[in-house]
Every structure is written in structure tokens, then in C-alpha cells.
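Asks: Sequence unavailable; structure follows:
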């Protein structure tokens, strides 16, 4: 059991942390000072309403696992998924692009690359058991390429950093590559467009949550326009 001194130090530290205002408190206070009591109350309600929705970023496989054991109510996944107990709502198609290291900061343009170059390049790809890797492997088979995979990772940001550092090429979703200033070049194989279909997935149930359906309708309306 902790000593009295340890408990007292812990209590004092916890009290100090409670007294320090966080971003939410600072936002509410600033709205109250700048726009009055009504704006402060609205900000407080908005902040606490946001606690009803929790967001987890994960690969399709982890999202499907979470939906099946009911840790998640709704997920954004890459099709296809073979789970009869899940309902899916297709949203939009997203292209996957090849990226390679660049000595200079590249722009947002997409250049062409020949299959012969890809056949010789080292690749950093998603793990073999992932949905994304299955799509990429089919893409390589269509090109009649046996890729030289030197490393696997399931984190998009880690893969981008490794490519920037010169460890090899990769294939990533186009939306993950948006923005300028990256030290990698985006490429497309002419005549061989690689596309994945994004969808919402939720458990099939006779009594779906009203909040889940409302969020799903909002996301479908917003994302289907992209």
C-alpha cells in the first residue's frame, strides 16, 4: 500500500492538474468573454455533446473486429469485406498511387511510371493479412510483377516517412498523400488504375441506435459528394 506521503503527493498533483484549464475550458471561457453568456453556454453544450461520439483510427481489419464485438457502432472500411453480420453502405472510390523518394519537395501532380521500374524497386507495403495488401498484390499480378518487399507496416504515416527517408517505394491512398512539401513523388501506372471502394459498415441489428443512423446518414451525404 502506498505511504501517506506518496498519497499526499499524488493528491496534490491531481489537484494541480484539475485546476489547470484545458483546451475545452479555454474555448468556453473565450466564447463567453467575446460573445456573452449565451455563446458560452452553447460552447459548453457543444463540447460535451462531442463526448457522445468517440473516433478510432484503424485499418479495415481492426474496424471489422471492433464492429463484430460491438466496441464500434459504425466504421469506414475498404471493400470487399466478407462478414454477413455487417451491413455496408458504399460511399466513394479512392485511387491508390505509387510513391517514390524525391530529393526535392514535390508538388501535387501525379507523374507516370513504367512497370519495369516497379519490378526493380524495393517496396514498403501493408502487412500480408490486410485488405489493402490484398488489393495491392492483385495489382502487381495484373502487371506481372513479383514485388521486392523489404518492409511491412500498417501505419500510413510511418510508411510515408520511410519513403521520404529513401527506404523504398510504396502504394498508398490518394487522400493520405494530399498536401505539399512531402519529399516523395506521386506516380500512376498508365492504363492500370488502382482503386479501392470505401464504405460505411455497421452491425446488422433489429434495433439500431438512432445516433448511429443519424451519423451514418450525415457521413453518407457528406462523403458521397467527394
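Replies: Thanks, I have the structure now. Note that the structure is a prediction, hence the values are computed from the model and not measured.
Asks: Quick check: chain neighbours aside, which residue is closest to residue 83?
Replies: residue 64 (6.1 Å; C-beta to C-beta, 6 or more residues apart in numbering). C-betas here are computed from N, CA, C, even on glycine.
Asks: so which strand or helix has the one you found?
Replies: helix 60-68 (DSSP states H and E).
Asks: Which elements pack onto that helix?
Replies: Applying 3 or more C-beta pairs under 8 Å, 6 or more residues apart in numbering; DSSP states H and E, one finds that helix 60-68 contacts strand 75-79, strand 86-101, helix 131-142, strand 194-203.
Asks: angle of it against strand 75-79?
Replies: Orientation check (axes from the mean of the first three to the mean of the last three C-alpha atoms, to 10 degrees): helix 60-68 against strand 75-79 gives 130 degrees.
Asks: Identify all contacting residues around helix 60-68.
Replies: Helix 60-68 is contacted from outside by 56, 58, 72-78, 81, 83, 85-86, 129-132, 201-203, using C-beta atoms under 8 Å, 6 or more residues apart in numbering.
Asks: Please compute how far stretch 134-146 lies from its chain's middle.
Replies: How far stretch 134-146 lies from its chain's middle: 24 Å, per C-alpha atoms, centre = their mean, to the nearest Å.
Asks: quick one: contacts for residue 96?
Replies: Contacts of residue 96 (C-beta under 8 Å, 6+ apart): 135, 136, 139, 171, 172, 173, 174, 194, 195, 196.
Asks: Need the per-residue pLDDT for the closest residue to it other than its chain neighbours.
Replies: Leaving aside its sequence neighbours, residue 96 sits nearest to residue 194 (C-beta to C-beta, 6+ apart; 4.4 Å). Residue 194 carries a pLDDT value of 94.
Asks: wait, doesn't residue 194 sit right on residue 141?
Replies: No - taking contacts as C-beta atoms under 8 Å, residue 194 lies outside contact range of residue 141: 11.9 Å.
Asks: more crowded one of the two?
Replies: residue 194 (21 against 11; other C-beta atoms under 10 Å).
Asks: Next one: that one from residue 103, what distance?
Replies: 26 Å (C-beta to C-beta, to the nearest Å).
Asks: again with residue 14
Replies: 50 Å.
Asks: now do residue 191
Replies: To residue 103, residue 191 is 28 Å away according to C-beta to C-beta.
Asks: Please work out which residues outside the longest helix along the chain touch it.
Replies: In terms of residue count, the longest helix belonging to the chain (DSSP state H) is helix 4-19. Surrounding helix 4-19, the residues in contact under the criterion C-beta under 8 Å, 6+ apart are residue 2.
Asks: Let me see the mean pLDDT of it.
Replies: On average, helix 4-19 scores 81.
Asks: Now do the phi/psi pair for the most centrally placed residue in the chain.
Replies: For the chain, the residue sitting closest to the mean C-alpha position, by C-alpha atoms, centre = their mean, is residue 57 at 5.0 Å. With angles defined as degrees, to the nearest 10, residue 57 sits at phi -90, psi 120.
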